[in-house]
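> attaching a predicted model along with its sequence, questions to come.
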Amino acid sequence: MNDKFWVALSSIEQINSKFIVSLYNRFHDIERVFNATYNILKELEGLSQKKAETFLNLRDKLNIDKIYNYVIENDIEVITYESSKYPKMLKEIDNPPAVLYVKGDLESCNLDKTIAVVGSRKASFNGKESLKLVLKDLSNTDMYCFRLSLRY
């Protein structure tokens, strides 16, 4: 299953989604991206030796089954950049997230009314509390029907 490769790569904090998506667009297969060798990566135009080495070093430290099992065990839906469910408009931004993590029933949401919240992976207490206050007003509307987490 390709989802596990998307999830594993998106779990590497030092690599942003733009990098993952650009490699996917070159290989057209996320498993090939994940298993790329240094010799293959060094041939890619615009990819420095240092970035290729960093990618391989971080990738080799991953336990992809453990990472993916966490997602499955916590009933988190994965929508990858290659999925037909991935929002078309989101692909138009400069740095689209490689993976969307959805908790809840996305199908029951009115996606004509959407709101996006972008923030730090390590949000402050005040930031989290402020967001709770803003979202509290939306809690009884069809705009607040699921929790979506983006990983950059």
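Okay, I see it. The model shown is predicted, which means the values in this text are computed figures rather than measured ones.

> beta partners for the nearest residue to residue 85 once chain neighbours are set aside?
Nearest-residue entry for residue 85: residue 79, 5.0 Å, with adjacent residues in sequence omitted and distances by C-beta to C-beta, 6 or more residues apart in numbering. In short, each C-beta sits where N, CA and C put it, glycine included. With DSSP bridges as the criterion, residue 79 is bridged to residue 100.

> from here on, count from 174
Right, with 174 as the first residue, what we last looked at is residue 252.

> how many other residues sit next to residue 252?
A total of 20 residues lie near residue 252 under the criterion other C-beta atoms under 10 Å.

> same thing with the one 10 residues further on?
Residue crowding around residue 262 was assessed by other C-beta under 10 Å; the count is 8.

> now it. Its backbone dihedrals?
Residue 262 adopts backbone torsions of phi -70, psi -30, taken as degrees, to the nearest 10.

> show me what contacts the residue nearest the centre of the chain?
To find the centre residue of the chain, average its C-alpha atoms and take the closest one (C-alpha atoms, centre = their mean): that gives residue 272, at 2.6 Å. By C-beta atoms under 8 Å, 6 or more residues apart in numbering, the residues touching residue 272 are 179-180, 183, 190, 251-254, 324.

> if you set the cut-off to 7 Å instead, what comes out?
Residues counted as contacts of residue 272 (C-beta atoms under 7 Å, 6 or more residues apart in numbering) are 179-180, 183, 251, 253, 324.

> so which of those is the closest to residue 266?
residue 324 (14.6 Å; C-beta to C-beta).

> where does that closest one land on pLDDT?
Predicted confidence (pLDDT) for residue 324: 43.
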